[in-house]
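S.K.: Predicted structure and sequence below. I'll ask about it afterward.
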Amino acid sequence: AQSVAQPEDQVNVAEGNPLTVKCTYSVSGNPYLFWYVQYPNRGLQFLLKYITGDNLVKGSYGFEAEFNKSQTSFHLKKPSALVSDSALYFCAVRPQGNKLTFGGGTRVLVKP
Amino acid sequence: EAQVTQNPRYLITVTGKKLTVTCSQNMNHEYMSWYRQDPGLGLRQIYYSMNVEVTDKGDVPEGYKVSRKEKRNFPLILESPSPNQTSLYFCASSARKQGVGTDTQYFGPGTRLTVL
């Protein structure tokens, strides 16, 4: 069975500092990996995805993520965090099929 | 504007009173899905639909029904709601690509349901 783990419930970072949100997954076969962001009182918005090819994926709002097959990880990163990046972030995995499985979410708080 | 819409956005009801949450998408997507979001549990899939008249259970289907009579609509029905169905519900849709499966999912704004 496929699963996604986001080990940190919350990440606190000062504005301007690098931001990392961790995600590890367990799935058979080659996964499709996604990051979504949820702002307060809003639905989930797509940030980026890894399907195949370059392990470093660039997405919206300056975010990027690195696919590491040996460590089964897909950590989300941003070089310089903004206060407006404060939100709930979800990692999701989709093996070769249709079912998307989400992690529990990580709340990011960027302090001025 | 490409979007997924849900109605109502907020609903407070009582145990046992049937309700329907509507979901509609204007992107001609084949795949649609319902999720519930609970603190610490992420999003869990309730039901999904690969196309018109094709639906299947997700991870937590008990107490819910769906139908897919038209491609754009995918209503979620709670025949006899109970307090444990108090949650935030999201509808999502995506295109399907041959040989790849479903692509990026687009989410509605959510429906916050409280069952007293």
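M.R.: Good, I have the coordinates. This is a predicted model, so every value here is computed, not measured.

S.K.: Partner strands of the helix or strand of chain A with the lowest mean pLDDT, with direction?
M.R.: Within chain A, no helix or strand scores below strand A:101-102, which has a mean of 88 by mean pLDDT, DSSP states H and E. Note on strand A:101-102: by DSSP bridges, its sheet partners are strand A:87-94 (antiparallel).

S.K.: And the contacts of the strand it pairs with?
M.R.: With contacts defined as C-beta atoms under 8 Å, 6 or more residues apart in numbering or on different chains, strand A:87-94 is touched by A:2-4, A:6, A:21, A:23, A:25, A:27, A:31-40, A:44, A:47, A:74, A:76, A:100-103, A:105-108, B:42-43, B:101-102. C-beta: built from backbone N, CA, C; applies to glycine.

S.K.: contacting residues for the spatially most central residue of chain B?
M.R.: In chain B, the centroid-proximal residue (C-alpha atoms, centre = their mean) is B:W34; its distance is 2.5 Å. By C-beta under 8 Å, 6+ apart, the contact list for B:W34 reads B:23, B:45-48, B:58, B:64, B:66, B:74, B:76, B:89-92.

S.K.: out of the contacts of strand A:87-94, which are buried?
M.R.: Neighbour-count burial (16 or more other C-beta atoms under 10 Å in any protein chain shown) applied to the contacts of strand A:87-94 gives A:2, A:4, A:6, A:21, A:23, A:25, A:27, A:31-38, A:44, A:47, A:74, A:76, A:100-103, A:105-106, A:108, B:42-43, B:101-102.

S.K.: I'd like the list of those residues that fall within strands, please.
M.R.: Among the buried ones among the contacts of strand A:87-94, DSSP state E puts A:4, A:21, A:25, A:32-38, A:44, A:47, A:74, A:76, A:101-102, A:106, A:108, B:42-43, B:101-102 in strands.
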